[in-house]
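Trainee: Using only what follows, build the 3D model:
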Amino acid sequence: MKRLLINSAWMMADRIYILIVSLVIGALAMRYLGPENFGLIDYAASFIAIGSAVATLGIDVTLVRYIVNKPHSTDSAVGSVLIMRLIAGLIIALLTNSFAYLLYSNNQISSLTLFAIIIQSAILILSAYETYTYYFQAQLKLKLVTLSKIIAVTVVSLWKVALLLSNASVLLFAASSSIEALLCFTVLAFIYKKNRISNIKFDYEVSKNILRESYPLILSKVMIVLYTRIDRIMLGTMIGVASVGIYASGSMLANIWHMVPLSLIASFQTTIMAAREVDYNKYEKHIKQLYAITFYLGILVFALYLLFGRLIIKLLFGDAYENVYTPLLTLSLSSILAILGSVRGVWLVCENKTFYNIFFTLSGAAIGIFMNFLLIPHLGVQGACISSIAAQSSVLIFGPLLIPSTRRSVILLFQAIILDGLSISLLFKRVKKCGHLG
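Mentor: Numbering: from 1, shown residues only. So this is what the prediction gives:
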């Protein structure tokens, strides 16, 4: 238990440090780049994000479980997954760059955007370093992973400061993520080698077994990334990368509060799962409490942006981003739906219905794409923001309503919103208790 708590503490330290540094350095970089150049980088990153969902091969949880259950095969498992990830990353990088070149040939993207995608595509290969992350996670040694990420983020942040001081090209900023991945790969590979006596090796049977378990997760990951990133790609292709800069900056602010409810969800989860086996009414009450706390916390953040959003945008990003205000408000509502989906995820796990997630994310992606085609030509960035709400609503509400066995999650959500059977004072006590646990 002590190792688990220490592991969790290092994970939280990692998140807080990266959040603070990314916000400060990111805001400075966004001021310097302006909406168009920032949008160009984020547009390229969206292609890479979709490619990454395939390149990971859905192996994360599978590898951790394999190492825990078969510690004697650790080097074979790590070596096999590392090689599979490197090969998959190389293939996806080639396909991504080929598709980007096709867009460039049809005059749908500029040469600068093409080069940004090519530079960032190195991430698809270098992100294989996550294999080492899963090993240390299985060994409850996330301190080593956290230290490597802190080193990488710090170096890249200093790199960005140097670029700001030297008025560097946007392509050098685009290379930042690839440099960070390279640093993580190098540091974690070194630490792994120092921690293991034997060397990693490829084993065909081990790789086949791991891939057999993990490949169904690939579709789910692709659908999730697709419906959260496709709006940026469609904006950049249909209108231009400057619109992506406006949308991405609004999205960053709209989602920045998610670390708080995610910590609450992690704290609630054990209690909820335990109650499920003992007292079903108490279990559902806990679910509603978590829904209510998350929803009203999101409403509070929305109210803050409604009142002070313009000031926050001006202080962080400067006058060039003044058009972010309206998208920020719309995306703040979308972010509430997204984080409520994480609460629903706890309910799906407890009810053993996680297989429905593929249907929900598929419907969200389809509706998001359809709404973007419909609204972006007429409403621009705001059209993409409205499409985001439609997609999230499909995943959280309309999709589950279509399936009788998942309708209960929607009923619990609406009961939580109207505080049916819940006490406000008890909600505050739950939040306070979770704060002490964290």
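Trainee: quick one, phi/psi of the residue lying closest to residue 135 once chain neighbours are set aside?
Mentor: Counting by CB to CB, 6 or more residues apart in numbering, residue 135 lies nearest to residue 78, which is 5.3 Å off, once chain neighbours are set aside. For every residue, glycine as well, the C-beta is placed using N, CA and C. Main-chain dihedrals, residue 78, degrees, to the nearest 10: phi -60, psi -40.
Trainee: quick one, what contacts residue 78?
Mentor: By CB atoms under 8 Å, 6 or more residues apart in numbering, residue 78 lies in contact with 63, 67, 131, 132, 135, 192, 200.
Trainee: now residue 58, what's its secondary structure?
Mentor: What DSSP: H, G, I helix; E, B strand; the rest coil gives for residue 58 is coil.
Trainee: TSV for the contacts of residue 78, including secondary structure?
Mentor: What follows is the contacts of residue 78, written out as TSV (three-state DSSP):
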residue	secondary structure
63	helix
67	helix
131	helix
132	helix
135	helix
192	helix
200	coil
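Trainee: Give me the domain ranges for this protein.
Mentor: 1-238, 241-438 (automatic domain parsing).
Trainee: quick one, longest helix in this protein?
Mentor: For the chain, the longest helix by residue count, based on DSSP state H, is helix 2-55.
Trainee: what's residue 376 in contact with, if anything?
Mentor: Residue 376 neighbours (CB under 8 Å, 6+ apart): 234, 235, 238, 239, 383, 384, 387.
Trainee: Kindly recompute the last result at 6 Å.
Mentor: Contacts for residue 376 (CB atoms under 6 Å, 6 or more residues apart in numbering) come out as 238, 383, 384.
Trainee: ok, now residue 37?
Mentor: Residue 37 makes contacts with residue 170, as judged by CB under 6 Å, 6+ apart.
Trainee: okay, it: pLDDT?
Mentor: pLDDT recorded at residue 37 is 93.
Trainee: With residue 6 instead?
Mentor: Taking residue 6 on its own, its pLDDT is 59.
Trainee: distance of the closest residue to residue 56 other than its chain neighbours from residue 378?
Mentor: Excluding the flanking residues, the one nearest residue 56 by CB to CB, 6+ apart is residue 221, at 6.7 Å. Computed with CB to CB, to the nearest Å, the distance linking residue 221 and residue 378 is 32 Å.
Trainee: who's more crowded, those two?
Mentor: residue 221 (18 against 8; other CB atoms under 10 Å).
Trainee: elements contacting whatever helix or strand that one lives in?
Mentor: Element membership for residue 221 (DSSP states H and E) is helix 204-238. If you count contacts as 3 or more CB pairs under 6 Å, 6 or more residues apart in numbering; DSSP states H and E, helix 204-238 packs onto helix 2-55, helix 60-69, helix 74-105, helix 241-255, helix 357-379, helix 381-393.
Trainee: Just want the angle from the longest helix of the chain to helix 241-255.
Mentor: Counting by axes from the mean of the first three to the mean of the last three CA atoms, to 10 degrees, helix 2-55 lies at 160 degrees to helix 241-255.
Trainee: Just list the residues touching residue 192, thanks.
Mentor: residue 132.
Trainee: Next: residue 287.
Mentor: Counting by CB under 6 Å, 6+ apart, residue 287 touches 347, 412.
Trainee: Show the pLDDT at it.
Mentor: Residue 287 is assigned 90 on the pLDDT scale.
Trainee: The one 5 residues further on now?
Mentor: On the pLDDT scale, residue 292 is placed at 92.
Trainee: these two touch, right, it and residue 415?
Mentor: No. Contact criterion CB atoms under 6 Å: residue 292 and residue 415 do not qualify, at 8.9 Å.
Trainee: which one of those two has more residues nearby?
Mentor: Higher neighbour count among residue 292 and residue 415: residue 292, with 23 against 18, using other CB under 10 Å.
Trainee: In space, what's closest to the more buried one - neighbours in sequence excluded?
Mentor: residue 416 (4.2 Å).
Trainee: The one helix or strand that neighbour maps to - what's its average pLDDT?
Mentor: Here residue 416, judged by DSSP H and E, is contained in helix 407-417. On average, the pLDDT along helix 407-417 is 93.
Trainee: tell me which strands and helices it is in contact with?
Mentor: Under the contact criterion of 3+ CB pairs under 6 Å, 6+ apart, helix 407-417 touches helix 280-317, helix 399-402.
Trainee: burial of residue 278, as a residue count?
Mentor: Neighbourhood size, residue 278 [other CB under 10 Å]: 8.
Trainee: and if you look at the one 5 residues further on?
Mentor: Residue 283 sits with 20 neighbouring residues when counted by other CB under 10 Å.
Trainee: gap between it and residue 291?
Mentor: Residue 283 sits 13 Å away from residue 291, taking CB to CB as the criterion.
Trainee: what does residue 88 give?
Mentor: Note on residue 88: its distance to residue 291, by CB to CB, is 37 Å.
Trainee: So for the two, which sits in the more crowded spot?
Mentor: residue 291 (23 against 20).
Trainee: Show the contacting residues for the more buried one.
Mentor: 343, 413, 416.
Trainee: just residue 32 next, same as before
Mentor: Going by CB under 6 Å, 6+ apart, residue 32 touches residue 164.
Trainee: returning to what we had before: highest neighbour count among the contacts of residue 291?
Mentor: Among the contacts of residue 291, residue 343 has the most neighbours (other CB under 10 Å), with 28 neighbours.
Trainee: Is that one in contact with residue 290, as I believe?
Mentor: Yes. At 5.1 Å, residue 343 counts as touching residue 290 under the criterion of CB under 6 Å.
Trainee: Turn the helices and strands packed on helix 407-417 into a markdown table, columns for distance to residue 336.
Mentor: Below are the helices and strands packed on helix 407-417 laid out as a markdown table (distance: least, CB to CB, whole Å):
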| stretch | distance to residue 336 |
| --- | --- |
| helix 280-317 | 3 |
| helix 399-402 | 17 |
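Trainee: looking at it, the residue nearest to residue 292 is touching residue 290, isn't it?
Mentor: No. Using CB under 6 Å, residue 416 makes no contact with residue 290, being 8.0 Å away.
Trainee: Any chance of JSON lines for the contacts of residue 291, columns distance to residue 148?
Mentor: Output for those, formatted as JSON lines (distance: CB to CB, whole Å):
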{"residue": "343", "distance to residue 148": "31"}
{"residue": "413", "distance to residue 148": "39"}
{"residue": "416", "distance to residue 148": "40"}
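Trainee: helices and strands of this protein: which one bottoms out on pLDDT?
Mentor: Here the helix or strand of the chain ranked lowest by mean pLDDT, DSSP states H and E is helix 424-437, holding a mean of 52.
Trainee: Please look at residue 222 and residue 53 and confirm they touch.
Mentor: Yes. Between residue 222 and residue 53 there is a contact at 4.5 Å, judged by CB under 6 Å.
Trainee: Can you classify residue 109 as helix, strand or coil?
Mentor: On the three-state scheme (three-state DSSP), residue 109 is labelled coil.
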